[in-house]
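Trainee: Structure, please.
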Amino acid sequence: MAKVVVIGGGWAGVAAAITAKKAGAHVTIVERMDILLGLGNVGGIMRNNGRYTAAEECSLLGAGELFKVTDSVSRHIGIDFPGHTHASLYDVCKVEPMVRNLLENMGIEIRFRSRAIDVKKNNQKIEAITLYNGEVIEGDVFIETTGSTGPMGNCLKYGNGCAMCILRCPSFGPRVSLCQKAGVEDILGKRNDGSYGAFSGSCKLNKDSLSKDLVDELNEKGVVVLPVPKEDVNMKKLEMKVCQQYALKEYAENIILLDTGHAKLMAPFYPLDKLRRIPGLENARYEDPYAGGVGNSVRYLSIAPRNNGMKVLGIDNMLCAGEKSGLFVGHTEAIVTGSLAGHNSVRLVKGMELLELPVNLACGDLISFANERIQTEEGLKTRYTFAGADYFQRMKDLNLYTTDQTLLKSKIGRMNLLNIFDEKLV
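Mentor: So this is what the prediction gives:
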């Protein structure tokens, strides 16, 4: 049986584990923390704008398990907020246990508190990874989904210091780039001014710290928009955000809160003293990052060069997904890239041709277009998401955006790709 080792248990990692398992592999997830999903524990936004299309495509391709989970724990479905339509907001407090149960019921091995720090390599092939405690885990193929945030030094160097975020580097140790350990140079994303990285685009407020009126409105509508005092409006902060789909003037002129179980504040950070001047937020307290008044985690500092089958260039048996595989934003984007990487990991072991998703699907076009653009200076400053900014406009221009499930099923059927991720290969 093919042995697939997935390094990182975020959305990309769990998606890769599922499709690799369905293709017939023995799958082990190596996760440095004590929970799965990483940033998915503070995210919560699904199906907004082109993410609806991508979620349906991915499900029709045979990788719908994780979308079923997020749909089942959505607190709000089909809501609109500035720049976004038909969004679902999943409950960040309920989603991780459900994903963990799903993987365990599938027979996927999960190794928590198992930080990978190095690789054992023979020429261009990785034979094993080494954990922080010296343990060696062998495999036939490896999928790196470690993300692009951390260690603490990066947030100090490229941000405002460690913001004490959900990734908890001080507690569980820093992320290590295994591709780089294997001799493949990481790519770093840039901001418009040429500096490296980008701030995570949102914070989480403790809902109990908000006024009762705000809490009631959030629970009922899913979204609350609060005007920012004119003297505090700062358009420049929009350039810092990793989430360019939210870099609209409405997000500088207003405090926008979304209900994901906690109150999701759509800003990279916001000074606490100023935040508490806004009616209803007089007692506001940050939940993640705890230093959300002064900073946030910094992302896009560890991207692997890859082909459109998600295989890392220069290593015979390593694939990548999620932010490790490009300047992608969002859970849906991670699930799409992870699903392809997991399926292709078994193809790689079998010596089969790797699957590349057609560019007349949004999922395939995103993977291909982002890979093409990352070779350019301007492309390093751009973020790629189904949910907005330049890429969502590209989706509309190419007629890739639709909410018509019947049309998508017919389209994918004509390509002979329906449920391809369900196929057992070994």
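
Trainee: from what I can see E109 touches A25, true?
Mentor: No: applying C-beta atoms under 8 Å as the test, E109 and A25 come out as separate, 11.1 Å apart. Glycine gets a C-beta too; all of them are placed from N, C-alpha and C.

Trainee: So for these two, which sits in the more crowded spot?
Mentor: Using other C-beta atoms under 10 Å as the criterion, E109 and A25 rank with A25 on top: 27 against 15.

Trainee: My understanding was that the more buried one contacts M1; is that so?
Mentor: Yes: with contact defined as C-beta under 8 Å, A25 reaches M1; the gap is 6.7 Å.

Trainee: Run through the neighbouring helices and strands of the helix or strand bottoming out on mean pLDDT in the chain.
Mentor: The helix or strand with the lowest mean pLDDT-type score in the chain, counting by mean pLDDT, DSSP states H and E, is helix 250-253 (a mean of 83). Packed against helix 250-253 by the contact rule (3 or more C-beta pairs under 8 Å, 6 or more residues apart in numbering; DSSP states H and E) you find no helix or strand.

Trainee: after that helix comes which helix or strand?
Mentor: strand 254-259 (DSSP states H and E).

Trainee: Could you export that following strand as PDB, CA atoms only?
Mentor: What follows is strand 254-259, C-alpha atoms only, in PDB (Å, rounded to 0.1, in the frame of the first residue of the first chain):
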ATOM      1  CA  ASN A 254     -16.600  51.000   8.600                       C
ATOM      2  CA  ILE A 255     -16.000  48.300  11.200                       C
ATOM      3  CA  ILE A 256     -17.500  45.200   9.600                       C
ATOM      4  CA  LEU A 257     -18.300  42.300  12.000                       C
ATOM      5  CA  LEU A 258     -19.400  38.800  10.900                       C
ATOM      6  CA  ASP A 259     -20.900  36.100  13.100                       C
END
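
Trainee: What strands line up against the helix or strand that that strand is followed by, and which way round?
Mentor: Proceeding N to C from strand 254-259, the next assigned helix or strand is strand 263-265, under DSSP H and E. Using DSSP bridges, strand 263-265 pairs in its sheet with strand 203-205 (antiparallel), strand 254-259 (antiparallel).

Trainee: what does the average pLDDT come to for strand 263-265?
Mentor: Strand 263-265 shows a mean pLDDT of 96.

Trainee: So what's the gap between the next helix or strand after that strand and the chain middle?
Mentor: Later in the chain than strand 263-265, the nearest helix or strand by DSSP H and E is helix 272-275. Centre-to-centre, helix 272-275 and its host chain are 29 Å apart (C-alpha atoms, centre = their mean, to the nearest Å).

Trainee: Residues in contact with helix 272-275: which ones?
Mentor: Contacting residues not belonging to helix 272-275 are listed as 229, 232, 255, 281, 284, 286, 292-293 [C-beta atoms under 8 Å, 6 or more residues apart in numbering].

Trainee: Determine which two of the residues you listed are furthest apart.
Mentor: P229 and Y286 (19.7 Å; C-beta to C-beta).

Trainee: Which one's more surrounded, the two?
Mentor: Y286 (22 against 9).

Trainee: looking at it, that one is touching C165, isn't it?
Mentor: No: judged on C-beta under 8 Å, Y286 makes no contact with C165 at a distance of 10.2 Å.

Trainee: Tell me the buried residues in the one helix or strand D213 maps to?
Mentor: Per DSSP H and E, D213 falls inside helix 212-221. Going by neighbour count (16 or more other C-beta atoms under 10 Å), the buried part of helix 212-221 is 214-215, 217-218.

Trainee: can you put those in a markdown table and add pLDDT?
Mentor: As requested, these are arranged in a markdown table below (pLDDT from 0 to 100):
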| residue | pLDDT |
| --- | --- |
| L214 | 97 |
| V215 | 97 |
| E217 | 97 |
| L218 | 97 |
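
Trainee: Adding distance to S177 as columns, could you present those residues in CSV?
Mentor: Listed next are these as CSV, based on distance: C-beta to C-beta, whole Å:
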residue, distance to S177
L214, 41
V215, 41
E217, 43
L218, 38
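
Trainee: and of those residues, the nearest to V141?
Mentor: Proximity to V141 was ranked across these by C-beta to C-beta; first place goes to L218, at 44.1 Å.

Trainee: Wait, that closest one touches L226, no?
Mentor: No: applying C-beta under 8 Å as the test, L218 and L226 come out as separate, 11.1 Å apart.

Trainee: picking up where we left off before, so which of the strands paired with strand 263-265 is nearest C93?
Mentor: Nearest to C93, of the strands paired with strand 263-265 and by C-beta to C-beta, is strand 203-205 at 10.8 Å.

Trainee: can you pull the buried residues of that closest one?
Mentor: The neighbour-count check on strand 203-205 (16+ other C-beta under 10 Å) flags 203-205 as buried.

Trainee: nearest to L357, of the residues you listed?
Mentor: L357 has its nearest neighbour among the buried residues of strand 203-205 in K204, at 32.8 Å by C-beta to C-beta.

Trainee: The closest one and G261: what is the separation?
Mentor: 9 Å (C-beta to C-beta, to the nearest Å).
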